[in-house]
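> Pasted the sequence and its predicted model underneath.
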Amino acid sequence: MNESKHDHKSHGDPNGGPINQGHPPYWRRAHRDWRIWFCVIVMLVAMAVYLMTGDLRWPFHGHPQPMVPIAG
């Protein structure tokens, strides 16, 4: 039988370490990215508008419809 030994180390670094050695993962350093903060602020503004308008129903939407009694 021909047995070949495979090296199970990472293929990116000749020392066997991860390719981005010394850098934390993106999800840990994402709080420093301006695009993340921009999206968070836009989302919070959209949520505030939704809540303050009563589910996007403006009070000055138009003339109120009179209630029609149910015949019974």
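Yep, that arrived.
> What distance do you get for residue 25 to residue 38?
Per Cβ to Cβ, to the nearest Å, residue 25 is found 21 Å from residue 38. For glycine as for every other residue, the C-beta is placed from the backbone atoms N, C-alpha and C.
> Please apply the same query to residue 71.
Distance, residue 71 to residue 38, using Cβ to Cβ: 55 Å.
> One more: residue 52?
Taken as Cβ to Cβ, the span from residue 52 to residue 38 is 21 Å.
> So what touches the strand or helix carrying residue 38?
In this structure, residue 38 sits in helix 34-52 according to DSSP states H and E. Identification of contacts with helix 34-52 by Cβ atoms under 8 Å, 6 or more residues apart in numbering yields 30, 31, 56.
> residues in contact with the last one?
Pointing back at residue 56 there. Residue 56 is in contact with 49, 50, counting by Cβ under 8 Å, 6+ apart.
> quick one: what helix or strand has it in it?
Counting by DSSP H and E, residue 56 is part of no helix or strand.
> where does residue 18 land on pLDDT?
pLDDT recorded at residue 18 is 54.
> repeat for residue 7
51.
> Would you mind pulling up the elements that the least confident helix or strand in the chain by mean pLDDT packs against?
Sorting the helices and strands of the chain by mean pLDDT, DSSP states H and E puts helix 26-29 at the bottom, at a mean of 80. For helix 26-29, there is no helix or strand it packs on, judged by 3 or more Cβ pairs under 8 Å, 6 or more residues apart in numbering; DSSP states H and E.
> what's the burial count for the closest residue in space to residue 23 that isn't next to it in sequence?
Taking Cβ to Cβ, 6 or more residues apart in numbering, and ignoring the residues beside it in sequence, residue 23 has residue 29 as its nearest neighbour in space, at 7.7 Å. By other Cβ atoms under 10 Å, 10 other residues sit near residue 29.
> For the remainder of this discussion, apply numbering that starts at 58.
Sounds good: first residue 58 from here, last item residue 86.
> if I look at residue 86, how far off is residue 93?
10 Å.
> When residue 128 and residue 95 are compared, which one has more neighbours?
Legend: neighbour count by other Cβ under 10 Å for residue 128 and residue 95, higher for residue 95 (10 against 4).
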